[in-house]
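Novice: what follows is a predicted structure for the sequence shown.
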Amino acid sequence: MFNHLFARTAAMATENGGSNAGVVLAILLAIVGVIVLIIIISNMHVVSQAQAYVIERLGAYHTTWHKGFHMKRPFFDRIAKKVNLMEQVADFPPQPVITKDNVRMQIDTVVFFQITDEKLFCYGHATPMAAIENLTATTLRNIIGEMELDNTLTSRDVINTKMRAILDEATDPWGIKVTRVELKNIIPPREIQDAMEKQMKAERERRESILKAEGEKNAAILVAEGQKQSMILNAEAEKSARILRAEADKESRIREAEGQAEAILKVQQATADGIRMVNEANPSAAVLTLNSLEAFKSAANGQATKIIIPSEIQGIAGLASALTAIAAPQNGEGKQA
């Protein structure tokens, strides 16, 4: 458009015979066109996703630009503030605090926050970061002042939670949300540090002694358990051996008794067979008498100190003499023959 206007102005100047007035007019129009072009371009803005622009019109809040392309009215609108929408972190220097038991220490904090309302952040407080720093220091002093040194050193999570809740509520009118608060360092006085180191050393030595005693105790228990198991196994083995020996002795005696019973049975059977055979042979009285004498002979050869002789001993003796007399001639005849 401006090039066309410049060309038309130049043509008019040429038609007028190249007068100076036409040349000056052409130059002025060209300068105006360039200025207008610069103004238009300078009022074009592209907002990224991580930012937001607060726009004022004639000194008052007008709107907030978010991601995308935007056009600002020249001379009427202005960008009051460019706001970062990402989560940010503020690392504050150590703050002196005093515990409930009058121990002075240094604590530095880290605050994580995010801007949730661009208008409130722009118009809610003149210096919101300085306000957050001072509010963090006073809140920390109030919380630590209600706690003793030992609780302060061991209750970081409690302190962080309390500080986050208080700061989040206090910064809400400024369009800021406190997402997290962390105690970066807790620095007690040097004498307290020395005492803590000695205490930790004593605690480590105590734990070492306890662990050593526990180890010795467990070792003694294991040794006793081993001895107990060994004695139990030995007793079980001895018991099994005695049972086996008793079973063997029992089996041996049973076999021996069975053998003796069988021998007695055979002797009795033989005796019974002999008696039966004698009865079947129908022996004479003389044979029975001789057998009785043989029995007396055997009894006399024994160890008995008393022998009872029946009343018929004379008849037996006479029978024996007769048999001897009969047997003598027979023996003589046998010799003569």
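Specialist: Everything's here; your move.
Novice: just checking, what packs against the longest helix seen in the chain?
Specialist: The longest helix of the chain (DSSP state H) is helix 190-281. Based on contacts counted as 3 or more C-beta pairs under 8 Å, 6 or more residues apart in numbering; DSSP states H and E, there is no element that helix 190-281 packs against. Any C-beta I mention is one placed from the backbone N, CA and C, and that applies to glycine too.
Novice: can you report how many residues lie near Thr116?
Specialist: Look at Thr116: counted by other C-beta atoms under 10 Å, it has 14 neighbours.
Novice: tell me the buried residues in the helix or strand hosting Ile159?
Specialist: Taking DSSP states H and E as the definition, one finds Ile159 inside helix 156-171. Neighbour-count burial for helix 156-171, counted by 16 or more other C-beta atoms under 10 Å, picks out Ile159, Asn160, Lys162, Met163, Arg164, Ile166, Leu167, Asp168, Ala170, Thr171.
Novice: isn't the second one up against Glu182?
Specialist: Put plainly, it is Asn160. Yes: with contacts counted by C-beta atoms under 8 Å, Asn160 reaches Glu182, the gap being 6.0 Å.
Novice: tell me the domain boundaries of this protein?
Specialist: For the chain, automatic domain parsing gives the domain ranges 2-82, 88-188, 265-297.
Novice: between the two ends of the second one, how far is it?
Specialist: Same thing as domain 88-188. In domain 88-188, first residue to last residue: 29 Å (C-alpha to C-alpha, to the nearest Å).
Novice: what's the average pLDDT for it?
Specialist: Domain 88-188 comes out with an average pLDDT of 90.
Novice: now the two most distant members of the buried residues of helix 156-171.
Specialist: Using C-beta to C-beta, the buried residues of helix 156-171 span at most 18.0 Å, a distance reached by Ile159 and Thr171.
Novice: rewinding a little: following the helix holding Ile159, which helix or strand comes up?
Specialist: Next element after helix 156-171 (DSSP H and E): strand 176-187.
Novice: that next one pairs with which strands, and in what direction?
Specialist: Sheet pairing for strand 176-187, assigned by DSSP bridges, gives strand 104-115 (antiparallel).
Novice: distance check, the residue lying closest to Met105 once chain neighbours are set aside against Val103.
Specialist: Nearest residue to Met105, sequence neighbours excluded (C-beta to C-beta, 6 or more residues apart in numbering): Pro188, at 4.6 Å. Shown here: Pro188 relative to Val103, a distance of 7 Å by C-beta to C-beta, to the nearest Å.
Novice: what touches both of these two?
Specialist: Counting by C-beta atoms under 8 Å, 6 or more residues apart in numbering, the shared contacts of Pro188 and Val103 are Leu149.
Novice: quick one on the thing from earlier: gap between the helix holding Ile159 and the chain center?
Specialist: Distance of helix 156-171 from the chain centroid (C-alpha atoms, centre = their mean, to the nearest Å) equals 34 Å.
Novice: can you list contacts of it?
Specialist: Here helix 156-171 has contacts from 109, 111, 113, 128, 131-132, 135-136, 139-140, 143-144, 147, 152, 177-183, 186, using C-beta under 8 Å, 6+ apart.
Novice: try 10 Å this time
Specialist: Contacts of helix 156-171 with the rest of the structure, by C-beta atoms under 10 Å, 6 or more residues apart in numbering, involve 107, 109-113, 115-116, 120-121, 124-125, 128, 131-132, 135-136, 138-140, 142-144, 146-147, 151-152, 155, 176-183, 186.
Novice: and the pLDDT for the residue nearest to the spatial centre of the chain?
Specialist: In the chain, the centroid-proximal residue (C-alpha atoms, centre = their mean) is Leu211; its distance is 19.4 Å. Note on Leu211: pLDDT of 88.
Novice: how close does it get to Asn218?
Specialist: 10 Å.
Novice: overlap in contacts, Asn160 and Glu182.
Specialist: With C-beta under 10 Å, 6+ apart, Asn160 and Glu182 have common neighbours Thr109, Val110.
Novice: distance of Glu148 relative to Thr63?
Specialist: Look at Glu148 and Thr63: by C-beta to C-beta, they are 53 Å apart.
Novice: what do you get for Met44?
Specialist: For Met44, the distance to Thr63 - C-beta to C-beta - is 16 Å.
Novice: and if you look at Leu140?
Specialist: From Leu140 to Thr63 the distance is 38 Å (C-beta to C-beta).
Novice: those two: which has the busier surroundings?
Specialist: Leu140 (24 against 13).
Novice: for that one, which residues are in contact?
Specialist: Leu140 touches 92, 95-97, 107-109, 159, 162-163, 166-167, 181, 183, counting by C-beta under 10 Å, 6+ apart.
Novice: mind putting those residues into CSV with distance to Glu262?
Specialist: CSV is the format used below for the contacts of Leu140 (distance: C-beta to C-beta, whole Å):
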residue, distance to Glu262
Phe92, 113
Gln95, 113
Pro96, 114
Val97, 110
Ile107, 107
Asp108, 109
Thr109, 108
Ile159, 102
Lys162, 104
Met163, 107
Ile166, 110
Leu167, 111
Val181, 106
Leu183, 103
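Novice: about what we covered before: between the buried residues of helix 156-171, which is nearest Leu58?
Specialist: For the buried residues of helix 156-171, the nearest to Leu58 is Thr171 (29.8 Å; C-beta to C-beta).
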